[in-house]
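Engineer: how does the following fold in three dimensions:
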Amino acid sequence: MIHMPQYDLLIVGAGPAGLSAAAKAASHGLEVAVLDEFPVPGGRMLGQFHEEKGRWWIGKQAAEQLIAQCHALGVDIRCGVSVHGMLRTDNRWVLRTSCGSLSAARVLLATGGAEIPQPTAGWTLPGVMSIGAAQVMTNVHYVKPGQRGLIIGVNVLAMAIARELTVSGVSIAGIVLPGPGPFSGKDALPGTNVERLMRLAHLAPSPLMRIGGRAALSLGMAGWVSRFFPRRGMKVWGIPLKLRTAAVSVNGMNYVESVTLADMTSSGDIVPGTEREEVVDFVAVAGGLYPLAELAAVAGCPFVYMEELGGHVPLHNEKMQTPVEGLYVAGNITGIESALVAMAQGRLAGVTVCSDAGTLGDRRDSMLHNAVEHVRRVRATALIQFHPGIPNAREQMYKKWEGEG
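Structural biologist: Next comes the predicted model:
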């Protein structure tokens, strides 16, 4: 008879939420295992860094600290392991994985998010990649994606990673919009992207740009600004940001050699006769992120669609519980936010699991309250904000939970 390893808590995902939850749960005596299909733990933190309140936040350092905590507490971290099924039976979960079956009384899904593909003409050429792939190549594997590249798409992911790439010595020819079409939708409209840029004013490199962006947003001037935005663009961290320029096609025989660019009107139409070639050897496409939640569906968890959270997310309450017994969620599977928010959610999920397991004693209520408040504070002060209206969307989610209950 084959022995099936037994745990108090199985966590799927060794990113900021999963590792934070593992450390918290293990510190209160639970037997915890963390599974991740990537060869090493840390998730997307490994390639992230940005300025946070006047200091550089280095994701790799944060990941190393969490990993060390988990190892010191006896957490079983298993990398290179894929989870392809889960079933609840006899009051326990059984997870089917590439390394065999594992069992636990409770499961936390911290699977993170995935990038949204943004098709464009020529996007199958070698040298075209997602913006996240460029980040991983540069900041995790220390391999430049190319000598000179172009970023297609304007969102917080594009802006944050563009700066990371330039700091790491990667040459970026510019950031442009995707060409108009059925896949790009509003992403190809200059007005939409100007409004997004205004919402990212707090990331701007100068006080004048930060103040101007916030003022223009509050006055509803996105449409006006898009009409008068310089056709040559403006430089942000030394990168030409071109909100009136679209990528029409990526060109090359066996690899990326250039991108055909064209001017756009303020309403998003290509201006005939303005096509020209930009010589580059790689292209990074930034289509945004969505919650990676397939396992929650396999587990039978109901879903709610909320655009502010990135799409369909598992129904959950503020304590990270789902309606499915013994199933919890934390991190970007619950909605796209920053790594700092994911870490706070992970700690909250760890406290909730321990509370449900009865290991917190008299401290139960105070610990839950403090963990919930910590998530709220981190969310309110987070530098990286992927979508507007996240706090309101969270409140709507919790009301749906109450209605479900």
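
Engineer: give me the phi and psi for Arg78.
Structural biologist: When quoted as degrees, to the nearest 10, the phi and psi of Arg78 stand at phi -120, psi 110.

Engineer: number of nearby residues for the nearest residue in space to Ala296 that is not next to it in sequence?
Structural biologist: For Ala296, ignoring the flanking residues on the chain, the nearest one in space by CB to CB, 6 or more residues apart in numbering is Pro314 at 4.1 Å. For the C-beta atoms, the positions are set from N, CA and C on the backbone; glycine is no exception. Using other CB atoms under 10 Å, Pro314 has 25 other residues around it.

Engineer: list the beta-bridge partners for Pro314.
Structural biologist: Phe303 (DSSP bridges).

Engineer: what residues sit buried inside stretch 97-116?
Structural biologist: Neighbour-count burial for stretch 97-116, counted by 16 or more other CB atoms under 10 Å, picks out 97, 102-116.

Engineer: what do you get for stretch 260-275?
Structural biologist: Those would be Thr260, Leu261, Ala262, Asp263, Met264, Ser266, Gly268, Ile270, for stretch 260-275 by 16+ other CB under 10 Å.

Engineer: now swap in stretch 28-43 and tell me
Structural biologist: Buried residues in stretch 28-43 (16+ other CB under 10 Å): His28, Leu30, Glu31, Val32, Ala33, Val34, Leu35, Asp36, Phe38, Pro41, Gly42, Gly43.

Engineer: got a list of what the fourth one touches?
Structural biologist: Read it as Val32. 7-11, 22, 25-26, 70, 73-76 (CB atoms under 8 Å, 6 or more residues apart in numbering).

Engineer: with the first one instead?
Structural biologist: Taking CB under 8 Å, 6+ apart, we find His28 in contact with Gly350, Cys354, Thr359, Leu360.

Engineer: could you identify which of those residues has the most neighbours?
Structural biologist: Gly350 (30 neighbours).

Engineer: tell me if I'm right that that residue and Ala21 touch.
Structural biologist: Yes: using CB atoms under 8 Å, Gly350 is in contact with Ala21, at 4.1 Å.

Engineer: of the contacts of Val32, closest to Met253?
Structural biologist: Nearest to Met253 among these: Ile11, at 46.0 Å, using CB to CB.

Engineer: what is the neighbour count of that closest one?
Structural biologist: Ile11: 34 neighbours (other CB under 10 Å).

Engineer: wait, doesn't Val107 sit right on Leu9?
Structural biologist: Yes: counting by CB under 8 Å, Leu9 is a contact partner of Val107 at 7.4 Å.

Engineer: how about low-confidence regions in the protein?
Structural biologist: 1-2, 52-54, 191, 194-231, 233, 384, 386, 404-405 (pLDDT under 70).

Engineer: quick check: longest strand of it.
Structural biologist: What stands out as the longest strand in the chain, according to DSSP state E, is strand 239-251.

Engineer: how about the host helix or strand of Gln65: buried residues?
Structural biologist: Assessed by DSSP states H and E, Gln65 sits inside helix 59-72. Under the neighbour-count criterion of 16+ other CB under 10 Å, helix 59-72 has Gly59, Ala62, Ala63, Leu66, Ile67, Gln69, Cys70 buried.

Engineer: ok, stretch 46-53 next?
Structural biologist: Leu46, Gly47, Gln48, Phe49, His50.

Engineer: tell me the one of the contacts of Val32 nearest Glu275?
Structural biologist: Ile11 (50.4 Å).

Engineer: show me the contacts for that closest one.
Structural biologist: Neighbours of Ile11 in contact, by CB under 8 Å, 6+ apart: Gly18, Ala21, Ala22, Val32, Ala33, Val34, Leu35, Val107, Leu108, Ala110.

Engineer: let's see it at 7 Å
Structural biologist: Gly18, Ala21, Ala22, Val32, Val34, Leu108, Ala110 (CB atoms under 7 Å, 6 or more residues apart in numbering).

Engineer: repeat that for His84.
Structural biologist: So His84 contacts Arg96, Thr97 (CB under 7 Å, 6+ apart).

Engineer: just Thr138 next, same as before
Structural biologist: With contact taken as CB under 7 Å, 6+ apart, Thr138 is in contact with Lys144, Pro145, Leu165, Ser168, Val170.

Engineer: chain neighbours aside, what residue packs nearest to it?
Structural biologist: In space, Thr138 is closest to Ser168, 4.9 Å off (CB to CB, 6+ apart).

Engineer: that neighbour - how many residues pack around it?
Structural biologist: Residue neighbour count, defined by other CB under 10 Å, stands at 16 for Ser168.

Engineer: can you give me the strands in the stretch 51-200 of the chain?
Structural biologist: Assigned by DSSP state E, counting those that start in this stretch, the strands in the stretch 51-200 of the chain fall at 55-58, 76-79, 83-89, 92-97, 100-109, 113-115, 128-130, 148-152, 171-178.

Engineer: now render those as TSV, adding distance to Ala330.
Structural biologist: Below are those laid out as TSV (distance: least, CB to CB, whole Å):
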stretch	distance to Ala330
strand 55-58	19
strand 76-79	17
strand 83-89	16
strand 92-97	16
strand 100-109	6
strand 113-115	13
strand 128-130	24
strand 148-152	30
strand 171-178	32
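
Engineer: circling back to that earlier point, make a markdown table out of the contacts of Thr138 and add distance to Gly310.
Structural biologist: What follows is the contacts of Thr138, written out as a markdown table (distance: CB to CB, whole Å):
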| residue | distance to Gly310 |
| --- | --- |
| Lys144 | 29 |
| Pro145 | 25 |
| Leu165 | 23 |
| Ser168 | 26 |
| Val170 | 27 |
